[in-house]
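Engineer: have a look at this prediction, sequence included:
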Amino acid sequence: MNAPLNTEQWLRVCTVEDIPRLGSRVVERDAGNIAVFRTASDSVFALLDRCPHKAGPLSQGIVHGETVTCPLHSWNIDLTSGEARAPDVGCARRYPVRVENGEVFLALASP
Amino acid sequence: MKKPKLVVVGNGMAGIRTVEELLTLAPDLYEITVFGAEPHPNYNRILLSPVLAGEQEFKDIVLNPLSWYAENGIRLHLGKSVARIDRHRRTVVANDGTEEPYDRLLLATGSMPFILPVPGKDLKGVISYRDIYDTETMIATAKAKKHAVVIGGGLLGLEAANGLKIRGMDVTVVHLGEWLLDKQLDVTAGQLLQTSLEERGLSFLLQKQTAELVGNDAGEVTAVRFKDGDEVAADLVVMAVGIRPNTALAESAGLHCNRGIVVSDALQTFDPRIYAVGECVSHRGVAYGLVAPLFEQAKVCANHLAQLGIGQYKGSVLSTKLKVTGIDLFSAGDFMGGEGTEDIVLSDPAGGVYKKLVIKDDQLVGACLYGDTADGAWYFKLLREGRKIADLRDHIMFGESAIGDAGVQGQSRAGAMQDSDEVCGCNGVCKGTIVKAIKEKGLFTVDDVKKHTKAASSCGSCTGLVEQILMNTLGSSFQETPKTKAVCGCTDHNHGEVRKAIREHHLTSHKAVYDFLEWRTPNGCATCRPAVNYYLISTWPKEAVDDPQSRFVNERVHANIQKDGTFSVIPQMKGGVTNSSELRRIADVADKYHVPMVKVTGGQRIDLLGVKKEDLVSVWKDLGMQSGHAYGKSIRTVKTCVGSEFCRFGTQNSTQMGIDLETMLANMWSPHKVKLAVSGCPRNCAESGIKDVGVIAVDSGWELYVGGNGGIKTEVAQFLCKVKTGDEVKEYTGAFLQLYREEAYYLDRTVHYIARVGLDYIKQKVVDDAANRKALYERLLYSLEGLPDPWAARIAGVQKNEYIPIRLVTAGEPA
């Protein structure tokens, strides 16, 4: 697991309601955009918005179960781990997410 | 709760394939135990011949390494054959006393080689050709001894003979029949094969019946003696005279057997707790000895073991191929012909090519090919589909390429391709890569190849070629992609069934569909959700709610995503007609938003490429034009020529006709993209011949063509009918497109839809039946009525969040 995080590093980004169910929002950032996904059961996940295949924006993909399908070449990426589903191999960076009272917080520790 | 126990007797291709299918359907349903009599994990028995011939090693043909069993929590008893089944106590007992209880039992005991009941059959050096042990015995014998006799000139016998010859032995093949492979080839092809094998140094004794195997004092075989008194020297005798279903275990347990364990269409034996698959089975009186049918059985059996209960095995049509490098032969179906059949034959004995097609009632029922088998897969497909071939008859003998159905660059001859030749132009996959993946990863279907190599996974135009490579590589174990396959891994239902359920049960939401049809996933996947979404909104317009999250990004965002994540914007330009004020606004937008490229499209419009997603709504607003729908499975453009207004040849106002059609069809979603064209005269400058609906003006009215396609594979549109007035053009076009919208499967273009239902059917529904045509046309107008222009709607605020990124306002963000 990740090292314990200092609470100051948690950043509020939006409310859960701001993200469509089975959809995503993009958090803009100089160090690379982050895609924040919401599943049908209201779990929220965050990945670097770059498919490990050809850097497609994962935020624009179709979300199903706990998977997003990249819009460029249909790689399936596991939202919980960032890993591509077999037989593809690769990993999109994952960011810890916390949801409190309907507010979404991201931990943006330095890479 | 304790899991029920599934015990599998037989660790071969049929049994393990069933387990694999079961694991994908219901991974955690059973506690699984497998018994295998051989001391090896599951290997690819059909590749024993390449091992014998020295082209592959045993490790290359292992399909499931021991780690696979461990990873899937399967208890594996290797080297233990099951001695009896106690059906009363529901246990099986192995020869070493190992006992395992079962709730469900799967018998996959395979077959036994048939051993001729002649004197001397038990001598040393007399073997069959069935498993890796036999293969290794042959390899070892070839190192020490000289004379080999193979009894049986069938597929297995010839492959054994070829391998032993390569290993350095003098090989004689003894065959009872008049010609080689008399179950797979007709006499001409059999003789061509014999000549070719003789050139490789094999000897043949045909119509010879074995009387006795002669041995020396050490109990080793020394010769084969025939009924007619002749004798031939032999240090090794391989019996390859056929196989018998291995039913001993089942029979001793009192299961009904009749030349195989008798099973139902669900692969269930007479004991409902016991299933059986593979070569040990007799289904509708047939026992199969090739691998493709076994895999079909495995799929159905797994479906029932997974308690889904909807699969049905109805028997298989077989094709064969000899796995002897350098010899191409193929046969399928009733290749001998007979009463009521016609033959088309091409015979070039000097060139070593022979082809025979057997036709009955305008359908291909059999094929026998020697020397050039590139079209085997295609003939096999025609045969299985039972398609009427009257329209192909002139060219059918010359193969798929002769009917212009060859895919990109006319390359249909997978066999002739080099390993370095590119097969999939989209993903840059070469033939060698595909062949390697098929062999090393044990792939059997086009879908497997797509997943592992990416070949044929983008535009799909090389699918036929990939199918051929599979066929050439696998031979008889090739499995054709079923015609009516499931929508995706989330369900076993095919597109037709999903459409039907939505229509007949009035399903109007995604959840209703997934619940009613018992989807395996809670909310589908990226393959089925867009399809279901389309079926919902096309079946229940104004009732079903269009779900943006079930649409591919382009249709959700109403722009076309590019490789760098920017979008392209193509405003509507009806009939390709624009004016100075639109052009000025387009130019201003290009400047204001620093659009990197402005390009004229093939559909007579202007494309602004490289627009950022967050700018889309303001770009649309500044353009003040409507969406061109250049991004969707929807109406695209209506291409026109200038027509009678300006052109000296024009017979009608084709430009206005195009504008009228595009106005009528605005905002129309469809199974796939829909392109139209209207030409003002038969010179056809608007290229109406390659459009989904092509309209060509003639002096006396308009000709309508349907099902053309200029993309992946060029397809010429077929003539539908001729009409007089512009209103009729709209009505017929609208009716045809509505029929397509209501009945086609998602991602089928009009050409695919027409190929499925036939042009006659379209004519009957749209041309002949005026009432039906009007009803279709009205349903189209009803579903389009009131649909807003998507760009205007978003300018007004629909789905606002989609376009606005979240900006982090906090300073000092560590990353």
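Structural biologist: It's in.
Engineer: so whatever residue of chain B ends up closest to chain A: helix, strand or coil?
Structural biologist: Using Cβ to the nearest Cβ, the point where chain B gets nearest to chain A is residue B:526, with a distance of 3.5 Å. Glycine gets a C-beta too; all of them are placed from N, C-alpha and C. Reduced to three states with DSSP: H, G, I helix; E, B strand; the rest coil, the structure at residue B:526 is coil.
Engineer: how close does the residue nearest to it when sequence neighbours are not counted sit to residue B:553?
Structural biologist: Taking Cβ to Cβ, 6 or more residues apart in numbering or on different chains, and ignoring the residues beside it in sequence, residue B:526 has residue A:69 as its nearest neighbour in space, at 3.5 Å. Shown here: residue A:69 relative to residue B:553, a distance of 10 Å by Cβ to Cβ, to the nearest Å.
Engineer: swap in residue A:87?
Structural biologist: As judged by Cβ to Cβ, residue A:87 and residue B:553 stand 24 Å apart.
Engineer: one more: residue B:341?
Structural biologist: Plainly put, residue B:341 is 53 Å away from residue B:553 if you go by Cβ to Cβ.
Engineer: have a look at these two and say which one is more surrounded.
Structural biologist: Neighbour comparison, residue B:341 and residue B:553: the larger count goes to residue B:553, with 25 against 14 (by other Cβ atoms under 10 Å in any protein chain shown).
Engineer: next, the contact list for that one, please.
Structural biologist: If you count contacts by Cβ atoms under 8 Å, 6 or more residues apart in numbering or on different chains, residue B:553 has them with A:60, A:61, A:62, A:71, B:561.
Engineer: return the residues of chain B in contact with chain A.
Structural biologist: B:451-452, B:457-458, B:521-526, B:529-530, B:548-554, B:557, B:561, B:563, B:565, B:801-802, B:805-808, B:810, B:813-815 (Cβ under 8 Å from any Cβ of the partner chain).
Engineer: what about these, which are in helices?
Structural biologist: In helices, defined here by DSSP state H, the members of those are B:451, B:452, B:529, B:530, B:553, B:554, B:557, B:801, B:802.
Engineer: who touches the particular helix or strand that has residue B:262 in it?
Structural biologist: Using DSSP states H and E, the secondary-structure element containing residue B:262 is strand B:261-263. Residues lying outside strand B:261-263 but in contact with it, judged by Cβ under 8 Å, 6+ apart, are B:107, B:245, B:247, B:250, B:255-256, B:269-270, B:275-276, B:280-283.
Engineer: residue B:73: neighbour count?
Structural biologist: Residue B:73 is flanked by 13 other residues according to other Cβ under 10 Å.
Engineer: got phi/psi on it?
Structural biologist: For residue B:73, the backbone dihedrals are phi 70, psi 30 (criterion: degrees, to the nearest 10).
Engineer: again, but for the one 10 residues further on
Structural biologist: Note on residue B:83: its backbone torsions stand at phi -90, psi -40 [degrees, to the nearest 10].
Engineer: residues near the closest residue to it other than its chain neighbours, how many?
Structural biologist: Of all residues not flanking residue B:83 in the chain, residue B:95 sits nearest, at 4.7 Å (Cβ to Cβ, 6+ apart). Using other Cβ under 10 Å, residue B:95 has 12 other residues around it.
Engineer: my guess is residue B:95 meets residue B:81, correct?
Structural biologist: Yes - the pair residue B:95 / residue B:81 is scored as a contact, 5.5 Å apart, by Cβ atoms under 8 Å.
Engineer: any stretches of chain A with poor pLDDT?
Structural biologist: A:1-8, A:109-111 (pLDDT under 70).
Engineer: in chain A, which residue sits closest to chain B?
Structural biologist: Taking Cβ to the nearest Cβ, chain B has its nearest neighbour within chain A at residue A:69, 3.5 Å off.
Engineer: how many neighbouring residues does that residue have?
Structural biologist: Residue A:69: 23 surrounding residues under other Cβ under 10 Å.
Engineer: looking at strand pairing, list the partners for residue A:77.
Structural biologist: residue A:68, residue A:84 (DSSP bridges).
Engineer: that one against residue A:70, yeah?
Structural biologist: Yes - taking contact to mean Cβ under 8 Å, the distance of 6.6 Å between residue A:77 and residue A:70 places them in contact.
Engineer: give me the common contacts of the two.
Structural biologist: Residues touching both residue A:77 and residue A:70 (Cβ under 8 Å, 6+ apart) are A:51, A:58, A:61.
Engineer: ranking those residues by neighbours, who comes first?
Structural biologist: Scoring these on neighbours with other Cβ under 10 Å, the highest-scoring entry is residue A:58 at 29 neighbours.
Engineer: now do it against residue B:40, distance only.
Structural biologist: Taking Cβ to Cβ, one finds residue A:58 at 43 Å from residue B:40.
Engineer: and chain A, which of its residues are near chain B?
Structural biologist: Taking Cβ under 8 Å from any Cβ as the criterion, chain A approaches chain B at residues A:9, A:11, A:13-14, A:18, A:20-23, A:25-29, A:31, A:33, A:36, A:40, A:54, A:56-57, A:60-65, A:67, A:69, A:71-74, A:76, A:87, A:108-111.
Engineer: show me those residues that map onto strands.
Structural biologist: The members of the residues of chain A next to chain B that map onto strands under DSSP state E are A:11, A:13-14, A:23, A:25-28, A:36, A:62-64, A:67, A:69, A:76.
Engineer: of those residues, select the buried ones using a ChimeraX command.
Structural biologist: A single ChimeraX command is used to select the members of these judged buried by 16 or more other Cβ atoms under 10 Å in any protein chain shown:
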select /A:11,13,14,23,25,26,27,36,62,63,64,67,69,76
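Engineer: tell me the one of the ones in strands among the residues of chain A next to chain B nearest residue B:702?
Structural biologist: Distance from residue B:702 was checked for each of these by Cβ to Cβ. The minimum falls on residue A:62, at 40.8 Å.
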